[in-house]
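Participant: model this:
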Amino acid sequence: MNLIGNKIRLLREEKGLSQENLASALDITQSNYARLEKDDNRISVPRLIIIAKTLETTVTELVGEKANTVVNQNHNHEAVTYLHANFQADKEHIQTLKDEIEYLKKMVDKFLEK
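Facilitator: Modelled structure (predicted):
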């Protein structure tokens, strides 16, 4: 499905802009721009930003639900691995801080005994 390209086309038509208008904003030919609308996998983030500004909308509005789907499909495993690694690092850091607190408590107790 070409959700992003269709959304761009609809917004472009609503604004009364031609493919040539957006092609000019992107500094590409009209035929290259037409391919972007037909195959949204070819659209880079910098181009999405320019398109969004030209159409007076946001990248989030253009991308919509598809971004969440792509991230979930392509990066779910990487996300879980990343979160697990951070969780482990946080657990280790917490344990280190607890150990330091215990050490400092002992030092304070020794100081107060003198």
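Participant: For the rest of this, base every contact and every neighbour count on C-alpha atoms.
Facilitator: Fine.
Participant: which helix of the protein spans the most residues?
Facilitator: The longest helix of the chain (DSSP state H) is helix 65-113.
Participant: Tell me who's in contact with Leu55.
Facilitator: Taking Cα atoms under 8 Å, 6 or more residues apart in numbering, we find Leu55 in contact with 11-12, 15.
Participant: Now do the domain split for the chain, please.
Facilitator: Split into domains by automatic domain parsing, the chain comes to 3-63, 65-114.
Participant: Please identify the most buried of the ones you listed.
Facilitator: Sort the domains of the chain by mean neighbour count, taking mean count of other Cα atoms under 10 Å, and domain 3-63 sits at the top with a mean of 16.
Participant: how far does it sit from the chain's center?
Facilitator: Centre-to-centre, domain 3-63 and its host chain are 19 Å apart (Cα atoms, centre = their mean, to the nearest Å).
Participant: Could you report the separation of Glu92 from Asn86?
Facilitator: Computed as Cα to Cα, to the nearest Å, the Glu92 to Asn86 distance reads 10 Å.
Participant: Hmm, I typed the wrong one, I wanted Glu61.
Facilitator: For Glu61, the distance to Asn86 - Cα to Cα - is 31 Å.
Participant: on that earlier part again, need the contacts of Leu55 in TSV (columns: secondary structure, pLDDT and distance to Asn21).
Facilitator: Listed next are these as TSV, based on DSSP: H, G, I helix; E, B strand; the rest coil; pLDDT from 0 to 100; distance: Cα to Cα, whole Å:
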residue	secondary structure	pLDDT	distance to Asn21
Leu11	helix	93	13
Arg12	helix	94	9
Lys15	coil	94	11
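Participant: Cool, thanks, talk later.
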